[in-house]
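Need a 3D model of the sequence below.
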Amino acid sequence: MGNESRQTESRHIRKGDRIAEWADVRLGTRGLAKTTMRRVFPDHWSFLLGEICLYSFLILVLTGVYLSFYFHPSSEQMVYQGGYEPLQGRTVSAAFDSTMHISFDVRGGLLIRQAHHWAALIFVAALFVHMMRVFFTGAFRKPRELNWVLGFLLLILAMFGGLTGYDLPDDLLSGTGLAVVNGTLLSVPIIGTYLSMFLFGGEFPGDDLVARFNTIHVLVIPAAMVLLIALQVALSLRHKHMQYAGPGRTNKNVVGLPFQVYVVKSAGFLFMVAGAVFVMAAIAQINPVWQYGPYRADQVAAGSQPDWYMGVADGLLRVMPGWEISAWGHTLALDNIIPLVLGLGLFLVLGVYPFVEAWVTGDDGEHHLLDRPRNRPVRTAFGAAWLSFYLMALVGAANDLIATHFYVSVNAVTWTVRIGLFVAPVVVFVVVKRLALALQRSDRDKVLHGRETGVIKRLPDGEFVEVHEPLSQERLHALTAHEQYQPLTLTQAGSANGRPTRTQRLRVRMSRGFYGQGTQIAKPTEQEYREISGGSRSRSHQ
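Numbers count the residues shown, from 1 in each chain. Modelled structure (predicted):
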C-alpha cells in the first residue's frame with residue numbers, strides 16, 4: 001500500500017510539472033511566480049486603503065453582474081403591477097419597474113442592490129482617502145508620477161460611474177439630478193445644446209437616457225477602470241512599494257512581510273470588507289426608490305441630495321449667484337459656467353500638482369521612502385486648503401437641509417458658504433503650515449535634548465532642571481531621515497546666460513515659496529547633536 005501511494009503521488013507530481021511547464025512556455029508564469037514570491041510588502045495600516053479600494057471594486061463587479069440579470073435598461077412606459085401596493089397602477093418606465101422588482105420580488109435582491117450602492121460609496125471614499133495619503137506623504141514623486149495620474153483618472157471615473165449608476169433606476173430623485181446635469185450641459189457656450197442632445201438622445205429627458213447610461217455604467221466605465229487598475233498593479237510591481245523611513249529602510253530595499261504572509265492577511269481583510277459592506281446593506285437603508293416614485297419632468301424631489309462625491313459640484317451650483325450675460329441674442333449662464341469651471345479646476349489642480357512640485361524643486365532623483373507630512377509644510381498646508389474648499393462646497397450642497405434641521409435661514413447658510421469658499425482655504429493654509437513648523441521645532445528639540453521624563457532634579461548650585469532621556473536610534477532616524485530642499489537660484493532654474501525669462505523667474509519665486517525662509521526648520525547637524533547631547537550628559541553626571 002505504501003509503494004502504491006508513493007507511485008500515485010509521483011504520477012501526480014509529474015502531471016503537475018507538465019502542466020506548469022506547458023503554462024510557462026506559453027505564458028512565462030514560472031519566472032513571474034518566482035519573482036512575486038520573493039516580493040516583500042510594507043506592513044503599515046495606511047496601505048490598507050488601497051486594498052479597500054480593490055475589494056470594494058470587486059464587490060461592485062460581482063453585485064453588478066447579479067443585478068444586470070434582472071434590470072431592464074429601457075424608458076418604455078408601462079403600468080406597475082409589482083409587490084409594492086402604493087404604486088400599483090402607476091405609469092412607470094421599464095427601468096423603474098425592474099428596480100422595484102429587484103427590491104421587492106427577487107429573493108435577496110434588495111440586499112444585493114443596497115450592497116452594490118454601499119460598495120460604490122465605500123469605493124470612492126477609500127479611493128479619495130488613498131489619494132490624499134499618497135499626496136500628503138509624497139508617494140507621487142519619481143518614478144511614480146504615472147501611478148498618480150492613473151489613480152487620479154480612476155477617481156474621476158469612479159465618480160462618473162457612481163453618477164451613471166445612481167441615475168439608472170429612473171426615479172424622481174435621480175431624475176432631479178439629471179435635470180441639473182442637463183442644465184449644466186446646456187450652459188456650455190456653442191456646443192452645450194449638442195452635448196445635451198447627444199447624451200440624452202434628443203430633448204431632455206429623451207427616450208434613450210437609461211439605455212445609454214446603462215452602457216456607460218456597465219461596459220465603458222468598468223472596462224476603463226479595470227484597465228487602470230491593471231496598469232497600476234503592473235507599475236507597483238515594477239517600482240516596488242514605498243515605505244516609511246526607519247532603521248534599515250533605504251531607497252534600495254523594502255522591509256515588511258513576505259508574500260505568503262501578506263496574502264493570508266489580505267485574504268482575511270477581503271472577507272472583513274465584504275462582511276462590513278453586507279452588514280451595512282442589511283441594516284442601513286439606502287436609495288429607497290419606492291419612496292421617491294417614478295421620474296416626471298414636471299416634478300422635483302424635495303430635499304434631493306446627490307451621493308457625497310458629487311456634492312462638491314452641486315454645492316458650487318447652489319451657492320452661485322444667478323448671474324447671466326445677454327448679448328447679440330444669446331445668453332451666457334454664468335451661474336452654471338463658473339461652478340463648472342471651478343469644479344474642473346479644483347480637480348485639475350490636484351492632478352497636476354506632482355509635476356508642479358517636481359518642476360519647482362528640480363528634484364530628479366528616485367524616491368522610495370515616504371515623507372512625514374510635517375516635514376513638507378507648504379505641501380501639507382496646500383492639501384489641507386484644497387480639502388477645506390472641497391468640504392465647504394459639500395456644506396453648500398446641503399444648505400436646505402442645514403436650514404431646516406437647525407432652524408436657520410437658507411440664505412444665511414448660502415452666504416456663509418460663499419464667504420467660506422474664499423476665506424477657509426487661506427485660513428487653513430496659514431494654520432496648517434504653522435502647525436507643521438511647530439511640529440518640526442518639537443522634533444528638533446527632541447533630537448537635541450531627548451524625551452521629557454517628568455523627573456525634576458536639583459543641581460548643586462540650586463537650579464532645578466527636568467531630566468531628559470535620550471531617544472533611541474530608531475526614533476532619531478525617523479525624526480532626521482527626511483531630505484530638506486533649498487530654493488533654486490536663477491542659475492539652477494536655467495538662466496545662466498542672458499536675462500532670465502518670466503517662466504524662470506516664476507520658478508525661482510515658487511521655489512522660495514516652497515522651501516525658502518520660514519517654510520521649514522533646519523534639521524540638527526551632527527555637530528549640534530554631539531555638542532548638546534555631550535553637555536547634557538556631563539550636566540546629568542554632576
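
OK, contacts around the nearest residue to Gly83 once chain neighbours are set aside?
In space, Gly83 comes closest to Phe104 once its chain neighbours are excluded; the distance is 4.1 Å by C-beta to C-beta, 6 or more residues apart in numbering. For every residue, glycine as well, the C-beta is placed using N, CA and C. Taking C-beta atoms under 8 Å, 6 or more residues apart in numbering, we find Phe104 in contact with 82-84, 110, 290.

any idea where the helices of the stretch 301-450 of the chain begin and end?
311-319, 334-361, 377-397, 399-406, 410-449 (DSSP state H, counting those that start in this stretch).

I'd like these as TSV, with mean neighbour count, mean pLDDT and distance to Gly516 appended.
Putting the helices of the stretch 301-450 of the chain into TSV (neighbours: other C-beta atoms under 10 Å; pLDDT from 0 to 100; distance: least, C-beta to C-beta, whole Å) gives the following:
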stretch	mean neighbour count	mean pLDDT	distance to Gly516
helix 311-319	23	90	32
helix 334-361	17	91	11
helix 377-397	21	95	10
helix 399-406	14	91	40
helix 410-449	16	93	13
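
For Leu488, which of the ones you listed is the nearest?
Closest to Leu488 of the helices of the stretch 301-450 of the chain, according to C-beta to C-beta: helix 334-361, at 7.6 Å.

about what we covered before: narrow the contacts of Phe104 to those in helices?
110, 290 (DSSP state H).

Need the contacts of Phe104 in a markdown table (columns: pLDDT, neighbour count and distance to Val300).
Conversion of the contacts of Phe104 to a markdown table gives the following (pLDDT from 0 to 100; neighbours: other C-beta atoms under 10 Å; distance: C-beta to C-beta, whole Å):
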| residue | pLDDT | neighbour count | distance to Val300 |
| --- | --- | --- | --- |
| Gly82 | 88 | 17 | 25 |
| Gly83 | 87 | 12 | 27 |
| Tyr84 | 89 | 15 | 22 |
| Leu110 | 95 | 17 | 26 |
| Trp290 | 92 | 16 | 18 |
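
between the contacts of Phe104, which is closest to Tyr485?
Nearest to Tyr485 among these, counting by C-beta to C-beta, is Leu110 at 55.0 Å.

Check the secondary structure at the spatially closest residue to that closest one that is not a sequence neighbour for me.
Excluding its sequence neighbours, the residue lying closest to Leu110 (C-beta to C-beta, 6+ apart) is Ser103, at 4.7 Å. Assigned by DSSP: H, G, I helix; E, B strand; the rest coil, the conformation of Ser103 is helix.

Number of residues surrounding Ser103?
Other residues near Ser103 come to 22 when the count uses other C-beta atoms under 10 Å.

Against Glu357, how distant is Ala139?
Distance from Ala139 to Glu357, counting by C-beta to C-beta, to the nearest Å: 12 Å.

Ok, Phe347 next?
The value you get for Phe347 to Glu357, if C-beta to C-beta is used, is 17 Å.

got the contact list for the residue lying closest to Ser174 once chain neighbours are set aside?
With sequence-adjacent residues excluded and distances taken as C-beta to C-beta, 6+ apart, Ser174 is closest to Asp167, at 4.3 Å. If a contact means C-beta under 8 Å, 6+ apart, then Asp167 has 174-175, 177-178, 209, 213 as its contacts.

Now do the most centrally placed residue in the chain, the pLDDT please.
When C-alpha atoms, centre = their mean is applied to the chain, the residue found nearest the centroid is Phe128 (1.6 Å). Model confidence at Phe128, given as pLDDT, is 95.

surely it meets Val312?
No - counting by C-beta atoms under 8 Å, Val312 is not a contact partner of Phe128; they are 11.0 Å apart.

any idea how far the residue nearest to Gly83 lies from Trp290?
Relative to Trp290, and taking C-beta to C-beta, Phe104 is found at 8 Å.

Give me the common contacts of those two.
Contact criterion C-beta under 8 Å, 6+ apart; residues bridging Phe104 and Trp290 by contacting each: Tyr84.

And the helix or strand containing Phe269, what's buried?
Assigned by DSSP states H and E, Phe269 belongs to helix 259-283. By neighbour count with 16 or more other C-beta atoms under 10 Å, helix 259-283 contains the buried residues 262, 270, 273-274, 276-278, 280-281.

want to throw these into JSON lines with pLDDT and distance to Ala493?
Below are the buried residues of helix 259-283 laid out as JSON lines (pLDDT from 0 to 100; distance: C-beta to C-beta, whole Å):
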{"residue": "Tyr262", "pLDDT": "82", "distance to Ala493": "44"}
{"residue": "Leu270", "pLDDT": "92", "distance to Ala493": "49"}
{"residue": "Val273", "pLDDT": "95", "distance to Ala493": "47"}
{"residue": "Ala274", "pLDDT": "95", "distance to Ala493": "52"}
{"residue": "Ala276", "pLDDT": "95", "distance to Ala493": "50"}
{"residue": "Val277", "pLDDT": "96", "distance to Ala493": "50"}
{"residue": "Phe278", "pLDDT": "96", "distance to Ala493": "56"}
{"residue": "Met280", "pLDDT": "96", "distance to Ala493": "52"}
{"residue": "Ala281", "pLDDT": "96", "distance to Ala493": "55"}
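
neighbours around Cys374, how many?
One correction, residue 374 is Arg, not Cys. Arg374 is surrounded by 20 other residues when neighbours are defined as other C-beta under 10 Å.

next one: Gly165
Counted by other C-beta under 10 Å, the residues lying close to Gly165 total 23.

surely it meets His217?
Yes - when contacts are counted by C-beta under 8 Å, Gly165 is listed as touching His217 (4.9 Å).

Please report phi then psi for Glu469.
Glu469 adopts backbone torsions of phi -100, psi 130, taken as degrees, to the nearest 10.

From Arg451, how far off is it?
5 Å.

that older thread, tell me which two of the buried residues of helix 259-283 sit farthest apart.
With distance counted by C-beta to C-beta, no two of these lie farther apart than Tyr262 and Ala281, which are 28.3 Å apart.

Spatially nearest residue to Tyr55, not counting backbone neighbours?
Take Tyr55 and drop its neighbours on the chain: the residue closest to it by C-beta to C-beta, 6+ apart is Val273, 4.3 Å away.

now swap in Gly256 and tell me
Once its chain neighbours are removed from consideration, Gly256 has its nearest residue in Pro42; the separation is 4.1 Å (C-beta to C-beta, 6+ apart).

correct me, but that neighbour touches Val254?
Yes - here Pro42 lies in contact with Val254, judged by C-beta under 8 Å, at a distance of 6.3 Å.
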